[in-house]
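Q: Provided below for reference: sequence and predicted model.
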Amino acid sequence: MTKTLLRGRVLSFRSEPAGPDDADAYLYIEDGALLVADGLIEGVGEFPTVAAQAPDAVLIDHRPHLLMPGFIDTHIHFPQVQVIASWGAQLLDWLNTYTFPEETRFADPDHARAMACAFYDQLTAHGTTTALAFCSVHRSSADAFFEEAERRNMAMIGGKVMMDRNAPEALLDTAQTGYDDSKALIDAWHGKGRARYAITPRFAITSTPEQLDMAGALVAEYPDCFVQTHLSENRDEIAFTKSLYPKARDYLDVYQNHGLLGPRTFLGHSIHLEPREIDALAETGAHPAFCPTSNLYLGSGLFDDAGLRDRGISNSIATDVGAGTSYSMLQTLNEAYKILQLQGQILHPLRAFHWITRGNAAALGMQDRIGTLEVGTDADIVVLDSRATGAMALRMERAETLAEELFVLQIMGDDRSIAETYVAGVAQSNVSQIRAPENAI
Ligand code: GUN
Ligand code: FE
């Protein structure tokens, strides 16, 4: 079997950096190499040492670029590939005007398959190798999502949304069919290869209490599945939720009451939280998903990262495409930096790059396999070019430290900085998977 030796500047985090100078938190090797075999990382270290481990390996020289673990996105919507940049609305109007009509198109399995291809092409072009994603209400959309991930050997997590009210008829399931379809998908996909299932009630507004009961029953039956939904993104959404669930103590209580909270639960947005909700997040170990580009784009609000972290809550970070405006986790960090600046909080670059790799992996409980370059883990790797544009190259002339270079990538980087993405050891730029959807413009 052919082994591959990737040469470049290796950077991988061991733990969350305590501050911008915490060199113990990461491994950095200036003339480094990764030995990749059978989809796994078989060696990591100084180039001459790793090269000696496998003299017959095929050498790919990525110098002077950085080799890092592939990025991880903890909240994204697969059926919203063609919703990005739909203008003029905040959350509820945006859903009703653009997003729900678009998601009805995923009733057609051919459309779902074409879009799954386009979706993964975009993810890997932006350096993302694992994502936790919402599919549409249609079971076949989740099949398309998992089939295409399997074809590419990607570690993807997802689920069909459960939604049985307050949306167009064509997008509604029922408490029973939502349960049955989710269960069938779990049986078909959860743990198959690299696939994992996420039980996915869309949000409180689009589920009846009966449906949330069924979602809770699935969580009890399949405790190692993930759970994903949305929480406190927008003031009108919160008011509507409270009117639908008048007995709930607050928005989060709706989910808590139905047994949906735990360390495998991811809550998109989590912006406008009440003190009791913060207590409940801390107690249950559920993870907010901070979605910076989306929160700015829909005018939703400022995520209080430091406030939640001070309570021991482990926040993840995500794009939320299609309300999110970029697939790039680098652009996501750029907007995150600015949102935290507005609140007197600083997102320093070491923590930023830890967050989109090992940090998100740890939130998912998958840090033993992804988000790291340790020997024995999955060879999901991104190759980063910090001089990808003229403006970046100019700025890099004045960068003296690794942290400065990372900050240039954090603020100025996007898909142009992704020189290559490896999924389970396979270079994605060589796999030319781009297929135009039949109905593309
Ligand atoms: N809340 C419920 N559904 C959605 C969605 O698709 N996007 C966002 N941003 N918020 C939601
Ligand atoms: Fe979302």
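A: Thanks, I have the structure now. Everything quoted here is computed from the prediction, not taken from an experiment. Numbers count the residues shown, from 1 in each chain. Ligands and ions are numbered 1, 2, ... in the order given.
Q: any idea how far the residue lying closest to residue 348 once chain neighbours are set aside lies from residue 336?
A: Nearest non-adjacent residue to residue 348, counting by Cβ to Cβ, 6 or more residues apart in numbering: residue 20, 4.2 Å away. Bear in mind the C-beta positions are built from the backbone N, C-alpha and C, glycine included. Noted for residue 20: a distance of 16 Å to residue 336, by Cβ to Cβ, to the nearest Å.
Q: neighbour count: these two, which is higher?
A: residue 336 (26 against 14; other Cβ atoms under 10 Å).
Q: where's the more buried one, which helix or strand?
A: In the assignment (DSSP states H and E), residue 336 maps to helix 329-341.
Q: just checking, what packs against the following helix or strand past that helix?
A: Moving toward the C-terminus from helix 329-341, the next helix or strand (DSSP H and E) is helix 349-354. Counting contacts by 3 or more Cβ pairs under 8 Å, 6 or more residues apart in numbering; DSSP states H and E, helix 349-354 packs against strand 4-13, helix 329-341, helix 402-412.
Q: give me that answer again for 10 Å
A: strand 4-13, strand 26-37, strand 58-69, helix 329-341, helix 360-363, helix 402-412 (3 or more Cβ pairs under 10 Å, 6 or more residues apart in numbering; DSSP states H and E).
Q: which ones are touching the closest residue to residue 98 other than its chain neighbours?
A: The shortest distance from residue 98 to any non-neighbouring residue, by Cβ to Cβ, 6+ apart, is to residue 86 (3.9 Å). For residue 86, the contact set (Cβ atoms under 10 Å, 6 or more residues apart in numbering) comprises 80, 94, 97, 98, 99, 102, 297, 322, 323.
Q: again with residue 200
A: 132-135, 137, 142, 158-163, 178, 182, 185, 215, 218, 225-229, 266.
Q: partner residues bridging it?
A: Per DSSP bridges, residues listed as beta-bridge partners of residue 200: residue 161.
Q: pLDDT score assigned to it?
A: Note on residue 200: pLDDT of 99.
Q: with residue 288 instead?
A: 99.
Q: ok, the nearest residue to it once chain neighbours are set aside - contacts?
A: Of all residues not flanking residue 288 in the chain, residue 270 sits nearest, at 3.5 Å (Cβ to Cβ, 6+ apart). The contact partners of residue 270, by Cβ under 10 Å, 6+ apart, come to 230-233, 251-252, 277-278, 281, 286-291, 303-304, 308, 313, 315.
Q: how about a cut-off of 7 Å?
A: By Cβ atoms under 7 Å, 6 or more residues apart in numbering, residue 270 lies in contact with 231, 232, 288.
Q: please apply the same query to residue 341.
A: So, once contact is read as Cβ under 7 Å, 6+ apart, residue 341 ends up touching nothing.
Q: distance-wise, check it relative to residue 351.
A: Taking Cβ to Cβ as the measure, residue 341 falls 14 Å from residue 351.
Q: go on, residue 269?
A: Here residue 269 is placed at a distance of 21 Å from residue 351 (Cβ to Cβ).
Q: who has more neighbours, the two?
A: residue 269 (28 against 19).
Q: many thanks, we can stop here.
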